[in-house]
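> how does the following fold in three dimensions:
(2 chains)
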2 protein chains.
Amino acid sequence: MEHIFTYDRLYQFTYTIFKSIGCSDEHAALATKVLIAADVRGIDSHGVARLSGYVRLWEAKRINATPDIKIVHETPSTAVIDGDAGLGLVVAPFAMQVAIDKAKIAGTGWVSVRNSNHFGIAGYHAMMALQHDMVGMAMTNASALVAPTFSVERMLGTNPIAVAIPANEQPPFVADMATTTAANGKLEILQRKNADAPLGWVQDKDGKETTDANALKSAGALLPLGSDREHGSHKGYALGSIVDIFSAVFSGASYGPWAPPFPAYVPMPENMPGKGLGHFFGAMRIDAFRPADEFKAHMDNWITRFRQAKPADGYEKVLIPGDPEREMEADRMRDGIPVVEPVVKDLEEVGAKFNVQLG
Amino acid sequence: MEHIFTYDRLYQFTYTIFKSIGCSDEHAALATKVLIAADVRGIDSHGVARLSGYVRLWEAKRINATPDIKIVHETPSTAVIDGDAGLGLVVAPFAMQVAIDKAKIAGTGWVSVRNSNHFGIAGYHAMMALQHDMVGMAMTNASALVAPTFSVERMLGTNPIAVAIPANEQPPFVADMATTTAANGKLEILQRKNADAPLGWVQDKDGKETTDANALKSAGALLPLGSDREHGSHKGYALGSIVDIFSAVFSGASYGPWAPPFPAYVPMPENMPGKGLGHFFGAMRIDAFRPADEFKAHMDNWITRFRQAKPADGYEKVLIPGDPEREMEADRMRDGIPVVEPVVKDLEEVGAKFNVQLG
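Alright, predicted model coming up:
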């Protein structure tokens, strides 16, 4: 069963919760906007479904509601930022803005972040660049759920990469993808339905392919994009590793199997080699390469040509990265945002903690 | 049947061929070094097996043996380079050096290249950054062999991404991967053996999965990393698209289905929206983020920890990206480089054109 919420109602509730844990007006508003962008774009696993998780991290003193976010090192085109254990939802837009500001002067800006937390959907931050006629990139490491090729041990998070590229008349190209075959959120949907997962999404504790959507609860692991060696899982493993290194080894965050867990009940790893989660952001000014109008006209041509690619039997059309999320956004802003029953219950419980009514 | 060549013998032959088409000493030496790096590292499809292809492109006047390679636009951290239809084997190291020089001053350097040709293995160029304590990146578009998710039309090349990251005591992390499930070279090996391809590598002309390793010869297509929608092929399609856009739309090269073909007998596409193939290079100075010694010590720790990840039953150990190619390089520099019979014949034919003996 689902409940339908208007954007404004989810916004007001979430904002009030962030205020209740001590965020400033500005931070609460920003965190809310970033968090709900996931629900609006149809990435339900990363939106209000995680609100109670953030609150529990705050209760466990793993999230600082009043962080002093600081640039700790910089060059003309780079910076390292310490998020002071703040909400990633607030630290990430700060860091992406630094990347954009660097790009205005140096042509590009690249920012690695340590001591942060889960930052919502990567696509939100990458898309910040679009209004400045820049290409935006965002990535983050995350707690280890993914086994490298040939291994049974969870060593990497789902470590997403987002890239946003502006066009003119066409909507922008926006890729936002976990570096695994399937995002963990898709597995959670199957778990709720007691349904099987396709082979190639997860392995069991012995490293065997399995359709058990609950395999992660019994020492299994998510599989890197490619699923198995024969189908290129070493490439997904390499991509997830690059995200981990750019996000955490560049910045001094904790990496690999030492990345801090999202669930507050999971103990922090021992001997962490850095502080908190890490992110990595990039902004490239289009006219640092060629005039923006010219580039965007070619992007229109690129997108139009790919939309015209001949579809296979049974398929209507070829999609451009970002199409499904943009269509979902239009639908949900018009018709409201569906929230499944367990998440509604969870929101009511977190509301009760602070005497905030969900509706 | 294979013939074994010493590095020096392959080098001398290839160098003499490049000299014979009119390359300067310097360009012939560089092109040879880059080309043979593929054979040495075990990526046989991209080494001397392509030499006759380059010569035929030169004969067709699609390659300029004496290019005037120029920076046509720049900012502190970016440049666009026109390769003047030169060998990508020469244009690419020039462009990567510009990225490195930019990074020395601005912290990072990003270079997009138009009017180039096939550049050998991406990994060679990315690895140029390592000796400067920089992270290196290299990518290129290529002629269309890959169908986007839901399509039967070839719209993208195998568009590889290479990322090289230095460590201290450990060898560097070097990922070099086509954004397809399997590189075309792997398919060529199966074709020579008349063997079947695993399901998920190629589709037939109707977009159906097939084990026919020759499917590309009858209007089939390579599949993006992920193989099918359920296993994330939309992610491989997005990655290949990003490579195409960074390499060609940033620079003014020809993109998507209009990328120029490698075989000289294939007519050039009509209405090309840009000039030649495109590449994209990046160099990030490590100490633009944190002290190089500190970073490299953490990379040693990262690599060591991943090597210790518990292997699955039947597997000896977890590999770090770059391990197989580095081991191959050690073997082949010691024992010689095997070249299969058809390639030896091909080299003898190209040698005969210029009165150059293979051995």
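> quick check: which ranges of the stretch 51-200 of chain A have low pLDDT?
Scanning the stretch 51-200 of chain A for pLDDT under 70 picks out no residues.
> which parts of it sit against chain B?
Neighbours of chain B within the stretch 51-200 of chain A, by CB under 8 Å from any CB of the partner chain: A:73, A:75-78, A:80, A:105-108, A:110, A:112, A:147-153, A:155, A:163, A:165, A:173, A:175, A:177, A:179-182, A:198, A:200. Yep, even glycine has a C-beta here, placed from its N, CA and C like the rest.
> next up, the contacts around the residue with the largest distance to the centre of chain A.
Within chain A, A:Asp313 marks the point farthest from the mean C-alpha position, 33.0 Å out by CA atoms, centre = their mean. Contacts for A:Asp313 (CB atoms under 8 Å, 6 or more residues apart in numbering or on different chains) come out as B:Asp206, B:Gly207.
> mind checking the SS state of it?
coil (DSSP: H, G, I helix; E, B strand; the rest coil).
> quick one: secondary structure of A:Val135?
strand.
> tell me which helix or strand the closest residue to it other than its chain neighbours sits in.
In space, and not counting its chain neighbours, A:Val135 is closest to A:Met284: 4.5 Å by CB to CB, 6 or more residues apart in numbering or on different chains. Element membership for A:Met284, per DSSP states H and E: strand A:277-285.
> with A:Leu35 instead?
helix A:25-41.
> tell me, how many residues neighbour A:Ile286?
23 (other CB atoms under 10 Å in any protein chain shown).
> swap in A:Gly207?
Neighbours of A:Gly207 (other CB under 10 Å): 21.
> do the same with A:Ala147
26.
> my read is that it contacts A:Leu222, right?
Yes. Counting by CB atoms under 8 Å, A:Leu222 is a contact partner of A:Ala147 at 7.5 Å.
> what ranges does chain A have for its helices?
A:7-20, A:25-41, A:51-59, A:88-106, A:122-127, A:184-193, A:233-244, A:292-307, A:323-335, A:341-353 (DSSP state H).
> could you save the ones you listed as CSV and add columns showing mean neighbour count?
Shown next, in CSV, are these (neighbours: other CB atoms under 10 Å in any protein chain shown):
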stretch, mean neighbour count
helix A:7-20, 19
helix A:25-41, 21
helix A:51-59, 20
helix A:88-106, 23
helix A:122-127, 28
helix A:184-193, 16
helix A:233-244, 27
helix A:292-307, 18
helix A:323-335, 14
helix A:341-353, 16
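> which stretch among those helices comes nearest B:Asp68?
helix A:292-307 (22.9 Å; CB to CB).
> contacting residues around the closest one?
A:133, A:165-171, A:173, A:286-287, A:289, A:317-318, A:320, B:148, B:155, B:241, B:244-245, B:249-250, B:255-257, B:273-274.
> filter those down to just the buried residues.
A:165-167, A:170, A:173, A:286-287, A:289, A:318, A:320, B:148, B:155, B:241, B:244-245, B:249-250, B:255-257, B:273-274 (16 or more other CB atoms under 10 Å in any protein chain shown).
> now, which of the residues you listed lie within strands?
Residues of the buried ones among the contacts of helix A:292-307 located in strands (DSSP state E): A:Ile165, A:Phe173.
> coming back round to it: got a pLDDT number for the residue farthest from the centre of chain A?
With respect to pLDDT, A:Asp313 scores 92.
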